[in-house]
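Visitor: Prediction below, plus the sequence it came from.
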Amino acid sequence: MKKSYVLGILMAGLFCTAAGVAEAQPLPKTHLKVVGGLANLAPYMDYERPFWTDVLPVLSDGQVTAEIKGFSEMGLKGPEILRLISQGVIEFGTATMSYFAGDNPIYEAIDLAGLTPDADSARAVAEIFEPVYQKHFDAGTNVKILGISPYPAQVIFCNAEIRGADDMKGKKVRTSGRSQAEFVEALGGTSVTMPFGEVVPAMQNRVIDCAITGSHSGFTAKWYEVSTHLYTLPVNWNAQLHGANKKAFEKLDPRVQKLLLDNLRQMYAKMWDAADKQTQEGYDCNSGAASCPYPEKGKMVLVKPTQADLDFLKKTMQEIVLPKWAARCSAQCVDDFNKTIGKRLGVTAKK
């Protein structure tokens, strides 16, 4: 997102100005340090970084500034982000929820493989469960939730011919979370856990046959150079949690807190609005469609899921992924799921 475009958004009134927050007095000089998501992907480049570096100073008449780096730029792997926010090492940070689901299965609740096949349902589920997450953090961490956002639909890149779900049998597939792994295993594949940045060499060297990531994320990382087929089955959305160290946040002037909360919520809403667009753009650009807005494109074969594939995804979620998740989550966690997400989607998790 170009700086001029960011300022255009401001002028259109899509973000809240500081005038109402600051009342008659200027905001206190405040400088924030932020750790964002993967630095080379669209959610960070188009939304997170411009907001903190360009939008926020304009909103605050230059009084509130920030510096931001993606966690991948800092040599971090991702699973440690939430812990570092809780400890106060990171003041504001973005954490991919599947990365730390091993610490507590509750973090998988909103993004189980097959749970939400479209961005609208994924957004509704995230919103309805966010208060449960905040209650969870209040009980055992020092994290304040600022919001939740998605990546584009998580789909399957393969360096072998794929025609549908049956062809996943015997394939070694990179996954980023446990429920993704359980879905791959239900297909007859083998799950391999590895960081996003290690996928390209692993595909090149045939360490893995396929890998799951966002359609646009894979394009940005040039996965089309090491894979031939893109299976557009929407496995999940790889939700990101945006949070702040609670003590650090509470030390801020209340007017700065309000400015941040009001405008960050608008940014996360824009990220949700963009999820479907970025998903389709990923399909277009990986396959070399004329509608791709970038000069460099892939030549991948798009493989669209059949209705039988979509039915299998839903059935696997209900009969394998959800029961296994419920077995490892607490009774309170399962009860919270059923009262919120389960009620919304018409599914029931059982211990």
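Guide: That came through, no problem. Model, not experiment: these values are computed from the prediction. Numbering: from 1, shown residues only.

Visitor: Have a look at this structure and report its longest helix.
Guide: In the chain, ranked by residue count with DSSP state H as the criterion, the top helix is helix 254-287.

Visitor: lowest-confidence helix or strand of this structure?
Guide: Least confident helix or strand, the chain: helix 19-22 with a mean of 47, by mean pLDDT, DSSP states H and E.

Visitor: and the next element down the chain from that one?
Guide: strand 30-36 (DSSP states H and E).

Visitor: pLDDT averaged over that next one - what is it?
Guide: Average pLDDT, strand 30-36: 98.

Visitor: what's it in contact with?
Guide: 44, 48-49, 52, 60, 63-71, 74, 76, 81, 84, 90-94, 252-253, 256 (Cβ atoms under 8 Å, 6 or more residues apart in numbering). Yep, even glycine has a C-beta here, placed from its N, CA and C like the rest.

Visitor: same question, stretch 128-141
Guide: If you take Cβ under 8 Å, 6+ apart as the criterion, stretch 128-141 is touched by 82, 86, 104, 106, 109-110, 143-145, 147-148, 241, 243, 336-337, 340-341, 344.

Visitor: at 10 Å instead, please
Guide: With Cβ atoms under 10 Å, 6 or more residues apart in numbering as the test, stretch 128-141 has contacts from 82-83, 85-87, 97, 104, 106-107, 109-111, 126, 143-145, 147-148, 239, 241, 243, 245-246, 332-333, 336-337, 339-341, 343-345.

Visitor: buried set for it?
Guide: With burial defined by 16 or more other Cβ atoms under 10 Å, the residues of stretch 128-141 counted as buried are 128-130, 132-133, 136-137, 141.

Visitor: what does stretch 258-269 give?
Guide: Buried residues in stretch 258-269, counted by 16+ other Cβ under 10 Å: 258-260, 263-264, 266-268.

Visitor: what do you get for stretch 66-74?
Guide: 66, 68, 70-72.

Visitor: same deal with stretch 183-199?
Guide: The neighbour-count check on stretch 183-199 (16+ other Cβ under 10 Å) flags 183-187, 189-192, 196, 199 as buried.

Visitor: Any idea how many residues pack against residue 341?
Guide: Using other Cβ atoms under 10 Å, residue 341 has 23 neighbouring residues.

Visitor: The one 3 residues further on now?
Guide: Residue 344 has 15 neighbours, counted by other Cβ under 10 Å.

Visitor: My guess is it contacts residue 125. True?
Guide: Yes - contact status for residue 344 versus residue 125: in contact at 6.5 Å, counting by Cβ atoms under 10 Å.

Visitor: where do the contact lists of these two overlap?
Guide: By Cβ under 10 Å, 6+ apart, residue 344 and residue 125 have these common neighbours: residue 116.

Visitor: Could you check how many residues crowd around the residue nearest to residue 195 when sequence neighbours are not counted?
Guide: Nearest non-adjacent residue to residue 195, counting by Cβ to Cβ, 6 or more residues apart in numbering: residue 77, 5.6 Å away. Using other Cβ under 10 Å, residue 77 has 12 neighbouring residues.

Visitor: so is residue 77 in a helix, a strand, or just coil?
Guide: coil (DSSP: H, G, I helix; E, B strand; the rest coil).

Visitor: With residue 266 as the reference, measure out to residue 143.
Guide: To residue 266, residue 143 is 21 Å away according to Cβ to Cβ, to the nearest Å.

Visitor: Equivalent analysis for residue 181, please.
Guide: Distance, residue 181 to residue 266, using Cβ to Cβ: 35 Å.
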